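[1] prediction below, plus the sequence it came from.
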Amino acid sequence: MSDQTVEAAISQLRWGLGLMPDLPVAQVAELGALAEQMGFARFSVYDEGLATRELYVTLTALALRTSRIELGPGITNPYSRHPSVAASAIASLHELSNARAFLGFGAGGSLTLDPIGLTREHPHQTLKEAILVARALLGAGPANYEGRVFRLRHAHLAYGDPSIPIWVAGRGPRVLATAAQLADGVSLDHIHRDFLGEQVAMIRSAAAAAGNRVELAYAATIVVTDADLQRVRRHMTYRLADSPSAVQETIGISAADILAIRSAMADGLDAAARLVKDEWVFPFVIHGTPAECARRIRELTRLHGIDEFTVPMPDPEVASEVMSVAAEIALLVAGNDEPQHQS
């Protein structure tokens, strides 16, 4: 990219939020209203099953409390929710919210699936078929589909809208390639920084080969205090447990470590967090002072052409503080007030 193109990309960087809705629904709706007031463009709600409030009840409350911010699951999975159910729900939300909905898919993780005894059978194929089923139904015409996992028989979603964007979050190369070929956007969530460049390059290549224009979002927790580090450690438990083996090898986490973390998660994330080392956390987060975090985000945008930086808020009790820090950093990124250097 030329310097002018880089600056234009940085100045147009969209900022989103991702919330773990572990609060009464009315409080989540108020956080959405605050996010809209602060100028954030997108508000994602994590679909974590029994660990959180129900996804679409929460999104409905958000839609009724806001008027501009885009809303959707970030992410939902095709195991606990059939993709036809997800398509119906998101089309209804799109209608209610005056066309502000997006659908985010992922293969699902241990935090969601383990407590209800579901396993991720054929995750790549299941996710691919979920995208195709949702796309067919949102097209608002009769849909037939014969897959290995899902089937449609003269299915018809009369209120579907093909303009609803479908986003996919993932880490593995097959999932990311499929997302690049079929989705409108790909979300890279807490990717180890050493792997980010090759994943972005692979997504760009797969999208180009398919003739698809795909947007890129990068999600990483912002860590500016010791308290932030302790909070993110809890949520690195399931992320580390679900990371590809190459990433686990790079950070030096063994199969025994993963087994111990998974076992400890049965007693809660705090118990499992005690097993997570600092050096396993830092490659996945944006950390430092607000100015240092802004420089890192600018560098990510410079190197990879990211369209959106998503700020995860897995601990809703501090969500308003996280939003305030993110808004401060967003202004620093856009204003380029700090000297630039390689992070």
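    Nice, thanks for sending it over. Numbering: from 1, shown residues only.
[2] where do the strands sit along the chain?
    Here the chain has its strands, by DSSP state E, at 14-19, 42-45, 70-73, 103-105, 143-146, 151-155, 166-169, 185-189, 215-219, 222-223, 286-287, 308-313.
[3] in CSV, list those along with mean neighbour count and mean pLDDT.
    Quick note: C-beta positions are derived from backbone N, CA and C, even for glycine. Shown next, in CSV, are the strands of the chain (neighbours: other C-beta atoms under 10 Å; pLDDT from 0 to 100):
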stretch, mean neighbour count, mean pLDDT
strand 14-19, 23, 97
strand 42-45, 25, 98
strand 70-73, 24, 98
strand 103-105, 29, 98
strand 143-146, 14, 95
strand 151-155, 13, 95
strand 166-169, 25, 97
strand 185-189, 23, 96
strand 215-219, 21, 98
strand 222-223, 22, 97
strand 286-287, 21, 96
strand 308-313, 23, 97
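[4] what about those strands, which gets the closest to residue 87?
    Nearest to residue 87, of all the strands of the chain, is strand 103-105, at 7.4 Å by C-beta to C-beta.
[5] helices or strands up against that closest one?
    strand 70-73, helix 83-96, helix 123-138, strand 166-169 (3 or more C-beta pairs under 8 Å, 6 or more residues apart in numbering; DSSP states H and E).
[6] go through these and name the closest to residue 335.
    For those, the distance to residue 335 is smallest for strand 70-73, at 24.1 Å, taking C-beta to C-beta.
[7] which residues touch the closest one?
    With C-beta atoms under 8 Å, 6 or more residues apart in numbering as the test, strand 70-73 has contacts from 32, 41-47, 55, 59, 62-63, 86, 90, 93, 97, 100-104, 167.
[8] follow-up on the earlier one: now the strands of the chain as CSV including distance to residue 244?
    Below are the strands of the chain laid out as CSV (distance: least, C-beta to C-beta, whole Å):
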stretch, distance to residue 244
strand 14-19, 21
strand 42-45, 23
strand 70-73, 23
strand 103-105, 18
strand 143-146, 29
strand 151-155, 30
strand 166-169, 14
strand 185-189, 13
strand 215-219, 17
strand 222-223, 23
strand 286-287, 21
strand 308-313, 19
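[9] closest to residue 232 out of those strands?
    Proximity of the strands of the chain to residue 232 was assessed by C-beta to C-beta; the nearest stretch is strand 222-223, lying at 6.0 Å.
[10] contacts for that closest one?
    So strand 222-223 is in contact with 228-229, 232, 285-288, 293, 311, 322, 325-326, 329, going by C-beta under 8 Å, 6+ apart.
[11] if we go to 7 Å?
    By C-beta atoms under 7 Å, 6 or more residues apart in numbering, the residues outside strand 222-223 that reach it are 229, 232, 285, 286, 287, 293, 311, 325, 326, 329.
[12] next one: stretch 129-142
    78, 83-84, 86-87, 91, 103, 105, 143, 145, 147-150, 152, 154-158, 160-162, 164, 166, 168, 182-183.
[13] for that stretch, list the C-alpha coordinates in CSV.
    Provided in CSV are the C-alpha atoms of stretch 129-142 (Å, rounded to 0.1, in the frame of the first residue of the first chain):
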residue,chain,number,x,y,z
GLU,A,129,-23.2,-26.1,4.8
ALA,A,130,-24.6,-23.8,7.5
ILE,A,131,-23.5,-20.8,5.4
LEU,A,132,-25.0,-22.3,2.2
VAL,A,133,-28.3,-23.1,3.9
ALA,A,134,-28.6,-19.6,5.5
ARG,A,135,-27.7,-18.0,2.2
ALA,A,136,-30.3,-20.0,0.3
LEU,A,137,-33.0,-19.2,2.8
LEU,A,138,-32.2,-15.5,3.1
GLY,A,139,-32.6,-15.3,-0.7
ALA,A,140,-36.4,-15.4,0.1
GLY,A,141,-37.2,-17.9,-2.6
PRO,A,142,-37.9,-21.7,-2.4
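[14] list the buried residues for it?
    Buried positions in stretch 129-142, judged by neighbour count with 16 or more other C-beta atoms under 10 Å: 129, 130, 131, 132, 133, 134, 135, 136, 137, 138.
[15] how about those in TSV, adding pLDDT and distance to residue 301?
    Rendered in TSV, the data for the buried residues of stretch 129-142 read as follows (pLDDT from 0 to 100; distance: C-beta to C-beta, whole Å):
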residue	pLDDT	distance to residue 301
129	98	33
130	98	30
131	97	27
132	97	31
133	97	34
134	97	29
135	97	29
136	96	34
137	97	35
138	97	30
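[16] out of these, which comes closest to residue 240?
    Nearest member of the buried residues of stretch 129-142 to residue 240, counting by C-beta to C-beta, is residue 130, at 25.0 Å.
[17] no further questions, thank you.
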